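coordinates only, sequence not included:
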């Protein structure tokens, strides 16, 4: 099975919930988890910034990742949102089969 995790940060819980709901409803991802709050430190506009954010962890087929990235960019309020992915190399076969099935129903 060819599955991936897509990691996204959002400015607050409302934005993260909206993005997660759209991604799951459109079957671009099978599942999304929100981790709230997280403290992020990063370079932006030539200075180190600190902010509270919400992490959205979603799981999908690897061939959906580009569509997930595009859709998140359409929905996100940030100029340059964090959207990164990595392949799932091992996992519960039942879970991975479910993930693939749920993202193929569209």
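Nice, I can see it. Computed from a predicted structure; not experimentally measured.

hey, let's count contacts and neighbours off CA atoms from now on
Fine.

all strands for this structure, in order.
Secondary structure of the chain (DSSP state E): strands at 3-10, 31-44, 47-61, 83-88.

highest average neighbour count across those strands?
Mean neighbours per residue, mean count of other Cα atoms under 10 Å, is largest over the strands of the chain for strand 3-10, with a mean of 21.

quick one: closest of the strands of the chain to residue 70.
In terms of Cα to Cα, the element of the strands of the chain nearest to residue 70 is strand 83-88, at 9.7 Å.

got the end-to-end distance for stretch 3-18?
Start-to-end span of stretch 3-18 (Cα to Cα, to the nearest Å) is 23 Å.

and if you look at stretch 87-103?
16 Å.

show me the longest helix that occurs in the chain.
Secondary structure of the chain read by DSSP state H shows that its longest helix is helix 13-25.

what's it in contact with?
Helix 13-25 has contacts (Cα atoms under 8 Å, 6 or more residues apart in numbering) with 9-10, 29-32, 34, 36, 53-56, 58, 68, 71-72, 75-76.

cool, thanks, signing off.
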